[in-house]
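Novice: A predicted structure for the sequence below; I have some questions about it.
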Amino acid sequence: QQQVKQSPQSLIVQKGGISIINCAYENTAFDYFPWYQQFPGKGPALLIAIRPDVSEKKEGRFTISFNKSAKQFSLHIMDSQPGDSATYFCAASNNAGNMLTFGGGTRLMVKP
Amino acid sequence: SAVISQKPSRDICQRGTSLTIQCQVDSQVTMMFWYRQQPGQSLTLIATANQGSEATYESGFVIDKFPISRPNLTFSTLTVSNMSPEDSSIYLCSVGLTGTYEQYFGPGTRLTVT
């Protein structure tokens, strides 16, 4: 499977701070980039996603920034809350309904 | 979105036995996938479950070990055969909504092989 590289592996942020998770991909055919949030014992939940025709997408406190030329995208969580503590996965796909290639995951802890 | 259920939610199995995991979706979907997530790791695609034809397996996964059925557009099963402790993982099904890029995951089946 083509690679998607995610960093950092773990992240500790104070409540109210900004959490930033980065991903880089290799396959220029990828055209869909979702982020998933996974709590312990649960399946991954689709959080937010972006297509390469825009450079940024915002939904509430969650923003994806996308840099097509650098083949990188990132998730920003504003005003991070303890309830945001979870594992976050970036992913990429190259066709509607096609398989997802996942990054390695980032374990986020937001301290009260 | 889609509501996806999996059975069983967890199981503890003996080495050498087989377990069949069921995935049920609340609406008809074209694409269904099976993933494996080893403890503390990311998700790895096992196969795409195709309705009316054989599943498409990713490199490193074979039909004899992970047979998959897809009898209709709302249901699929994954069997983990001749299990060993290395098969201890979370097995997740996901569905791709027709005409969209979105994929939704079930709650997973936590398998422990002793």
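Specialist: Sure, I can see it. Numbering: from 1, shown residues only, chains lettered A, B, ... in the order given.
Novice: for chain B, what are the nearby residues on chain A?
Specialist: Neighbours of chain B within chain A, by Cβ under 8 Å from any Cβ of the partner chain: A:1, A:32, A:34, A:36, A:41-46, A:49, A:51, A:89, A:93, A:96-105. From N, CA and C alone the C-beta is placed, and that goes for glycine too.
Novice: A:V13 is in contact with A:S19, correct?
Specialist: Yes - taking contacts as Cβ atoms under 8 Å, A:S19 lies within contact range of A:V13: 4.8 Å.
Novice: which residues are common contacts for the two?
Specialist: Common contact partners of A:S19 and A:V13 (Cβ atoms under 8 Å, 6 or more residues apart in numbering or on different chains): A:S80, A:L108, A:V110.
Novice: Now intersect these with the helices, please.
Specialist: Judged by DSSP state H, helices contain none of these.
Novice: out of A:S19 and A:V13, which sits in the busier spot?
Specialist: Neighbour totals were compared for A:S19 and A:V13, and A:S19 leads with 23 against 18 (other Cβ atoms under 10 Å in any protein chain shown).
Novice: ok, back up a step: give me the buried subset of the residues of chain A next to chain B.
Specialist: Among these, those classed as buried by 16 or more other Cβ atoms under 10 Å in any protein chain shown are A:32, A:34, A:36, A:43-44, A:46, A:49, A:89, A:93, A:96-105.
Novice: which residues touch A:L75?
Specialist: Contact analysis of A:L75 by Cβ under 8 Å, 6+ apart lists A:S19, A:I20, A:I21, A:W35, A:L47, A:I48, A:F62, A:T63, A:I64, A:Y88, A:C90.
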